[in-house]
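Q: Please work out how this folds:
(3 chains)
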Amino acid sequence: MKTTQILIAGFGGQGILFAGKFLAYKGLLEDLQVSWLPSYGPEMRGGTANCNVILSDDPVGSPIITDPDVLIVMNLPSLQKYVDTVVPGGQIYVDSTLIQEKVRRTDVEVYYIPASQMANDAGVPTLANMVMMGCVLKNNPELSFDGAAETMAKLVPPKKANLVELNMKALEAGRDYEG
Amino acid sequence: MAERVLMKGNEAIAEAAIRAGCRHYFGYPITPQTEVAAYMAKKMPKIGGVFLQAESEIASINMVYGAAAAGMRVMTSSSSPGISLKGEGLSYIAGSDVPAFVVNVQRGGPGLGGIQPSQSDYFQATKGGGHGDYHMIVLAPASVQEMASLTIKGFNLADKYLMTAMILADGTIGQMMEPISFEDAEIETYDKPWALTGTKMRRPHNIVNSLYLKPDELEQKNFERYKKYAVVEENEPMWEEYRMEDAEICVVAFGIASRVAKNAVVAARAEGVKVGLIRPITLWPFPKKPLRAAADQVKAFVSVELNMGQMIDDVRLAIECKKPVSLCNRAGGMIPSPDQVLSAIREAQKGEN
Amino acid sequence: MAIVFQKPHALTDAVLHYCPGCPHGIIHRLVAEAIDSLGIEGEAIGVAPVGCAVMAYDYFNCDMIEAAHGRAPATATGLKRCRPENIVFTYQGDGDLASIGMAETVHAAARNENITIIFVNNAIYGMTGGQMAPTSLPGQVTQTSPYGRDVKHCGWPIKVCELLATLEGPEYIERVAVNNVKNVKAAGRAIKKAFQNQIEGKGFSLIEVVSACPTNWGMTPQKALEWVESDMIPYYPLGVYKDRSAAKEAEAK
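A: Numbers count the residues shown, from 1 in each chain, chains lettered A, B, ... in the order given. Got it, this is the predicted structure:
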């Protein structure tokens, strides 16, 4: 039985929920059991946003993550709030454009990705979230980059098909980042 | 098997309702159930249905009353404070014996409370909510798939028994996405000779009414209604049992609490504690039989709830206080962690040893 | 032998429970006559209020439903949206329509809901024994305004027709009275028009019927009708407050 609990957190407007949806849809296409739980309410509009995604071979129990295997943070308050909840041996992904602080824990793998800067440089300034996801897919043995394009095609509504390409560009930038 | 799609719990309710033949939705905005209304607003005009945003919760439930009296499958959805406002209409609907479908995606209370998930409307839903002697069928989904399947079930039960069927969900189940597949909905159809269709000058007029000024007549109506409720209590309780076969401790939880509790049961089993879970799926009728049976088997019960302890009363009544029942709870929009439930299970185990 | 007078078919044989001298019987009859003359009894669905007319469901031969207090326009909306081919009407008093049900009234009008509302204004809560209504006149003595309605304390009466006529939504708003033969005849015409509008799909029509409550006003029926003329009608002037179709026609000319 393999279950991966992924917590994504940042500000509202950074595409936190969308990044989670991407992972959830990817799991769906891979015939995994999936749950996606957003924070909701006023925080959607500028406060902190977070999203719990669980991918599993078995039916998902509680959709609420208390000890994530993977933490992806896109602002400092989120790092401070969740850094100690990650399981030993887990992974933490930090957008180092927005977060200067370093993780002091030594029992987790930490990836610093200047995702916001990279997204800017790639001409997709709003897609730092997907730069982060590209890096997550590459470094997480339970996930893989295969199927990312199919997932994106399913996730993006047909009317906005041009966004598939832009999102893939961001994902690839994250994948190819050698930090 | 039908294709798996990812859907929010609230959207699953809306889609399932449409598949159940509901073509009339009346509602008023409130967090965290807005996706139900948004989905209906988008879909209904395309399938010849009606979505109408009413001026209030009060108006919307009375629109439901009118539409139900017209013999249509109709629904409204809201969250806790809005359901309080609908209480009046729910009582009239019960007193008039017309079928309706109502969704409560609960949030913390009382008063304006908060918007985070809660189960603190258990009493309101299972004990009546509005005035007078009446019950609603209360269904408590624990997954997005059940948001859909219990919606279809709810419409069928409402028509079968001429009652309100209520989905008692919470913000978590409403907001989360899980894969679901829509099998072909089994729509049961019932004749509605009482419906207001116009007499066409071919039959005596139908009257939909809850007013009985003669107390003996009103008493008789209540007696008849409670005979019907007894049939519902006999035939319709639904529950799930998990690892109960050799359990010494029985956790009782519904909705999102049962998901957390299941994690705790798995963890406790890993420690060697013999614990199982009974998850009521119908909260009214409450699944008394499996609990009564469990009372002869286990040492103690733990009721896990997102409120100050409401279902625990029904657990105690069901087991006739034969075994101790402890409460493991959070309130106000907080959710117990699996660790908290695990501790409660350990305590229960110790308490009896 | 020619029949020169008979009960409208749309009324049942039930004996009305209204007090002696109460004009509800007249207004019921006018509604039933309109239903008969338009031949819509088989299509009609009536919504009874909470108030003196609470048992109207026993008096009309068409399908009927009893609504919660003030909610008749919402219940009627539910019915009409389900069964647009049927003719849906409400019959409401002043407490029901203009106090507890004001929101439902205003919003049904704003939506131009294609229903017919018969609004009986007798300036008092009759069924509960004569309390102050939203339409009780300044100075009017009731059980809950025993020293006369003090507008500084409890506000001014609500003029429903004037208020609703300010909305874009409604098709037809008229105030009539039933205190003399001439007015009764005019009221009958207005009520029929309100149903005709619905048949033609024109939308929300409300007829306010200025009526009397001899029992709770503490007057003889005769005196009560005189009081309608001397006190009620000056405060609540009769006439058409809104007629969108007529206004459009006039504009076209």
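Q: so where do the strands sit in the stretch 51-200 of chain C?
A: C:63-66, C:87-93, C:116-121, C:124-125, C:131-132, C:172-177 (DSSP state E, counting those that start in this stretch).
Q: got CSV for the ones you listed, with mean pLDDT and mean neighbour count too?
A: Every C-beta, even on glycine, is put in place using the N, C-alpha and C of the backbone. CSV is the format used below for the strands of the stretch 51-200 of chain C (pLDDT from 0 to 100; neighbours: other C-beta atoms under 10 Å in any protein chain shown):
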stretch, mean pLDDT, mean neighbour count
strand C:63-66, 98, 28
strand C:87-93, 98, 29
strand C:116-121, 98, 27
strand C:124-125, 95, 26
strand C:131-132, 94, 19
strand C:172-177, 98, 25
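Q: how close does the residue of chain A most remote from its centre sit to A:Val124?
A: What lies farthest from the middle of chain A is A:Lys159; by C-alpha atoms, centre = their mean that is 24.3 Å. Look at A:Lys159 and A:Val124: by C-beta to C-beta, to the nearest Å, they are 19 Å apart.
Q: same deal with A:Phe145?
A: Distance from A:Phe145 to A:Val124, by C-beta to C-beta: 18 Å.
Q: So between these two, which is more surrounded?
A: A:Val124 (20 against 15; other C-beta atoms under 10 Å in any protein chain shown).
Q: can you pull the contacts of that one?
A: A:130, A:166-167, A:169-170 (C-beta atoms under 8 Å, 6 or more residues apart in numbering or on different chains).
Q: near chain A at all, stretch B:344-353?
A: No. Stretch B:344-353 is not in contact with chain A by C-beta under 8 Å from any C-beta of the partner chain; minimum separation 14.7 Å.
Q: and B:Cys26, which of the three is it?
A: Just to correct that, residue B:26 is Phe rather than Cys. Following DSSP: H, G, I helix; E, B strand; the rest coil, B:Phe26 is assigned to strand.
Q: where do the helices sit along chain C?
A: For chain C, the helices defined by DSSP state H cover C:24-38, C:72-82, C:94-95, C:102-110, C:151-154, C:160-165, C:181-199, C:214-217, C:221-227, C:233-235, C:244-252.
Q: Next to chain C, which bits of chain B? Give me the list.
A: Within chain B, the residues that sit near chain C (C-beta under 8 Å from any C-beta) are B:24, B:26, B:50, B:52, B:54-56, B:58-60, B:62-72, B:74, B:88-89, B:92, B:96, B:196-202, B:205-211.
Q: and these, which are buried?
A: B:24, B:26, B:50, B:52, B:54-56, B:58-60, B:62-72, B:74, B:88-89, B:92, B:96, B:196-199, B:205-211 (16 or more other C-beta atoms under 10 Å in any protein chain shown).
Q: what does the stretch 201-350 of chain B have sitting close to chain A?
A: For the stretch 201-350 of chain B, the residues in contact with chain A (C-beta under 8 Å from any C-beta) are B:256, B:259-260, B:262-263, B:266, B:335, B:337-339.
Q: Who are the contact partners of C:Val178?
A: By C-beta under 8 Å, 6+ apart, the neighbours of C:Val178 are C:23, C:26-27, C:30, C:184, C:187, C:209-212.
Q: any chance of the strands of the stretch 51-200 of chain C in TSV, plus distance to chain B?
A: Formatted as TSV, these follow (distance: least, C-beta to the nearest C-beta, whole Å):
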stretch	distance to chain B
strand C:63-66	4
strand C:87-93	8
strand C:116-121	14
strand C:124-125	17
strand C:131-132	20
strand C:172-177	19
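Q: Let's have the ones you listed in a markdown table, adding distance to C:Thr77.
A: Converted to a markdown table, the strands of the stretch 51-200 of chain C look like this (distance: least, C-beta to C-beta, whole Å):
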| stretch | distance to C:Thr77 |
| --- | --- |
| strand C:63-66 | 12 |
| strand C:87-93 | 8 |
| strand C:116-121 | 11 |
| strand C:124-125 | 25 |
| strand C:131-132 | 28 |
| strand C:172-177 | 17 |
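Q: Just give the number of residues close to the closest residue in space to B:Ser84 that isn't next to it in sequence.
A: Counting by C-beta to C-beta, 6 or more residues apart in numbering or on different chains, B:Ser84 lies nearest to B:Gln124, which is 7.4 Å off, once chain neighbours are set aside. By other C-beta under 10 Å, 23 other residues sit near B:Gln124.
Q: Equivalent analysis for the one 5 residues further on, please.
A: The criterion is other C-beta under 10 Å. On that basis, B:Gly129 has 25 neighbouring residues.
Q: tell me the pLDDT at C:Tyr59?
A: Each residue has a pLDDT score; the one for C:Tyr59 is 97.
Q: Was I right to think it contacts C:Ile27?
A: No. Taking contacts as C-beta atoms under 8 Å, C:Tyr59 lies outside contact range of C:Ile27: 10.9 Å.
Q: Got the confidence number for A:Gly41?
A: Looking at A:Gly41, the pLDDT reads 68.
Q: do B:Asn353 as well
A: For B:Asn353, the model assigns a pLDDT of 43.
Q: Assign residue 36 to helix, strand or coil.
A: Looking at chain A here, since you left the chain open. Under three-state DSSP, A:Trp36 comes out as strand.
Q: let's do chain B instead
A: Under three-state DSSP, the three-state class of B:Val36 is helix.
Q: That one contacts B:Gly27, doesn't it?
A: Yes. Contact criterion C-beta under 8 Å: B:Val36 and B:Gly27 qualify, at 7.2 Å.
Q: which neighbours do these two share?
A: Both B:Val36 and B:Gly27 are contacted by B:Ser77, under the criterion C-beta under 8 Å, 6+ apart.
Q: what's the closest of the helices of chain C to chain B?
A: For those, proximity to chain B was assessed by C-beta to the nearest C-beta; helix C:72-82 is nearest, at 2.7 Å.
Q: wait, does the closest one contact chain B?
A: Yes. On the criterion C-beta under 8 Å from any C-beta, helix C:72-82 is in touch with chain B at C:74-82.
Q: Which of those residues sits closest to chain A?
A: Out of the residues of helix C:72-82 next to chain B, the member with the shortest distance to chain A (by C-beta to the nearest C-beta) is C:Ala74, at 29.1 Å.
Q: Look up the pLDDT of that closest one for me, please.
A: 98.
Q: Likewise for A:Leu137?
A: pLDDT at A:Leu137 comes out at 96.
Q: burial of it, as a residue count?
A: A:Leu137 has 21 nearby residues by other C-beta under 10 Å.
Q: which residues sit in contact with it?
A: A:143-145, A:148, A:171, A:174-175.
Q: Now, of the residues you listed, which are buried?
A: A:143, A:148, A:171, A:174-175.
Q: and B:Met8, how far is that from chain C?
A: Just to correct that, residue B:8 is Lys rather than Met. 27 Å (C-beta to the nearest C-beta, to the nearest Å).
Q: list the helices and strands the helix or strand B:Leu291 falls within packs on?
A: Per DSSP states H and E, B:Leu291 falls inside helix B:288-295. Secondary-structure packing of helix B:288-295 (3 or more C-beta pairs under 8 Å, 6 or more residues apart in numbering or on different chains; DSSP states H and E): strand B:249-253, strand B:275-280, strand B:300-305, helix B:311-318.
Q: between those, which gets nearest to B:Tyr190?
A: strand B:275-280 (25.9 Å; C-beta to C-beta).
Q: Tell me where chain A has strands.
A: A:3-11, A:33-38, A:48-56, A:70-73, A:91-95, A:109-113 (DSSP state E).
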